[in-house]
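*Asks:* starting from these lines, generate the structure:
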Amino acid sequence: MFVDTHAHLTDEQFKDDWQQVIKRARECNVDKIITSGFDYNSSVEAVNFSNKNENVFASIGVYPENIYEYNDDIENGLKELAKNKKVVAIGEIGLQYTDDMPPKEKQIEVFVKQLSLAYSLKKPIIIHCRDAYGDMIEILKKNKNLLTYGGTFHCYSGSYEIAKEILKLGFYISVGGVSTFKNAKNVQEMVAKIPLNRILLETDCPYLAPTPYRGKRNAPFYIPTIAENLAKIKNVSVEEIAEVTTENVRRLFGI
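*Replies:* Numbers count the residues shown, from 1 in each chain. As a prediction, the model looks like this:
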C-alpha cells in the first residue's frame, strides 16, 4: 500500500474526472491521499472533498503567495476547519523568496503564526520552501518549541547538507516526481543518503509528473512510478518502499 502525502485534488484539472482518478489510484495500490489547501478557500474545499471520500484526508493552511489574506478571522476559520477529523496537518505553509512573492518579513511573520497554530492544534506541518532554506532552518531552530508534532518538507529539492539539518529537527522529507528527472542528479544523490524511515512519497499533482509522464497532468496513480525509482536509488525492493513510507505516514499523520 502507498500513500500520496501531497496532492491538489480540488484543482480545476480534476473537476471532470476526480472520481476516476481516485478509483485508478486505488487500483494502483495508492490507498490514501492527502489533498492540500494553499489559502483559506482551498482549505475549505480540501476538507469538503475529504469528507466525501473515505480514503482522502486534508491539510489546511495559507501558502506564502497568499499571506496577505491571513488575519485573525482566517486563523479562527482554520481552527474551525481543524476540528474535522479528516484534517491531518497544517500546510502547505512556508517561505518562497522568488521575485514575485510578498516581502520576506511578512512571509516570516505569517509562517511563524501558522507554526504556532499547528502547535496549538497538535497537528504536524507541511512545509513549502523555495530559495529560502537559510531563513527556514534558522526560524525552525528558533521556534523548536512549536515543532512537537513534527512535519515534512514537501517537494524537497535542496542539498544533502540542508537535508541533514532538516532531519536533526525531526522532520521528514517528501519525495516526488522531480526525483525521477534525468537532470535532478542532486536530488537523487540527496535521497540516496537520507534514511528511508524519514521519507514520504508525494505527487504534488497536478504538477511535476514523474518520468516517463513528464509534461502530462500528474495524479496519485503515479506514486508507484516514484516508488519504483526510489527503490532503484535506495537499492531496495518496491515492497520495502511501500511498507516503510506507509509506516512513516502513520507515525507522522496518524493515518
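*Asks:* strand partners (parallel or antiparallel) of the helix or strand where Thr152 lies?
*Replies:* Taking DSSP states H and E as the definition, Thr152 sits inside strand 151-153. Paired neighbours of strand 151-153 in the sheet (DSSP bridges): strand 125-130 (parallel), strand 172-175 (parallel).
*Asks:* among these, which comes closest to Glu109?
*Replies:* Set against Glu109 and scored by CB to CB, the strands paired with strand 151-153 come closest in strand 125-130, at 16.0 Å. Yep, even glycine has a C-beta here, placed from its N, CA and C like the rest.
*Asks:* okay, buried residues for the top helix by length along the chain please.
*Replies:* Of all segments of type helix in the chain, defined using DSSP state H, the longest is helix 104-121. Within helix 104-121, the residues scored as buried using 16 or more other CB atoms under 10 Å are Gln107, Ile108, Val110, Phe111, Val112, Lys113, Gln114, Leu115, Leu117, Ala118, Tyr119, Leu121.
*Asks:* still on that earlier bit, turn the strands paired with strand 151-153 into TSV, columns for mean pLDDT and mean neighbour count.
*Replies:* TSV is the format used below for these (pLDDT from 0 to 100; neighbours: other CB atoms under 10 Å):
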stretch	mean pLDDT	mean neighbour count
strand 125-130	97	25
strand 172-175	98	24
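*Asks:* mind putting the ones you listed into JSON lines with distance to Asp204?
*Replies:* JSON lines is the format used below for the strands paired with strand 151-153 (distance: least, CB to CB, whole Å):
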{"stretch": "strand 125-130", "distance to Asp204": "10"}
{"stretch": "strand 172-175", "distance to Asp204": "9"}
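*Asks:* following the chain past the strand holding Thr152, name the next helix or strand.
*Replies:* Per DSSP H and E, the first helix or strand lying C-terminal to strand 151-153 is helix 160-168.
*Asks:* report all helices and strands that that next one contacts.
*Replies:* Judged by 3 or more CB pairs under 8 Å, 6 or more residues apart in numbering; DSSP states H and E, helix 160-168 is in contact with helix 133-142, strand 172-175, helix 185-193.
*Asks:* centre of the chain to that helix, how far?
*Replies:* Taking the mean of its C-alpha atoms, helix 160-168 sits 17 Å from the chain's own mean (CA atoms, centre = their mean, to the nearest Å).
*Asks:* quick one: contacts of it?
*Replies:* By CB atoms under 8 Å, 6 or more residues apart in numbering, the residues outside helix 160-168 that reach it are Tyr133, Ile137, Phe153, Tyr156, Ile173, Glu189, Met190, Lys193, Ile194, Pro195, Arg198.
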